[in-house]
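[1] Need the 3D shape of this:
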Amino acid sequence: GFPRTLGQAKALDRICELDLVISLNIPFETLKDRLSARWVHPASGRVYNMDFNPPHVQGIDDLTGEPLVQREDDKPEAVAARLRKYKDAAKPVIELYKSRGILHSFSGTETNKIWPYVYTLLSSKIPPVLSDEEN
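    Numbers count the residues shown, from 1 in each chain. Modelled structure (predicted):
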């Protein structure tokens, strides 16, 4: 997400005024497992997740047949360190937006269970876009 640090939040304040911030609270283990299961095809940037979007043949890109790689920062130890660092850096950002009354937090482990709540919030804040036929 963005902003990730208080410095980024302050820089964002200089270019726009936020009226809504969404925070997704996902358990540490869920994030670590998902990120650690990510593999990529370096030449194309195609991303696979071994748990919910695996390649047809393990370790091989579906389109080219070339090997997939796991980025160094997606290995379990690196993911754990990244998440700890993110949590520490993001805490003051969360507090800032909470103090402004614009923070909306959602918790869970599955996108399809969290998304309806996020969608309802966004729908209440953003007017629907009408097609030319509806105007």
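[2] which residues in the protein form strands?
    Counting by DSSP state E, the chain has strands at residues 21-25, 38-41, 46-49, 103-107.
[3] Check those for me and report the most buried one.
    Highest mean neighbour count among those (mean count of other Cβ atoms under 10 Å): strand 38-41, with a mean of 19. Glycine gets a C-beta too; all of them are placed from N, C-alpha and C.
[4] For residue 16, give its distance to residue 9.
    Separation of residue 16 from residue 9 (Cβ to Cβ, to the nearest Å) stands at 11 Å.
[5] Neighbour count: the two, which is higher?
    residue 9 (19 against 7; other Cβ atoms under 10 Å).
[6] Contact partners for the nearest residue to that one once chain neighbours are set aside?
    Sequence neighbours aside, residue 3 is the residue nearest to residue 9 in space, at 4.3 Å (criterion: Cβ to Cβ, 6 or more residues apart in numbering). Residues near residue 3 by Cβ atoms under 8 Å, 6 or more residues apart in numbering: 9, 11, 12, 93.
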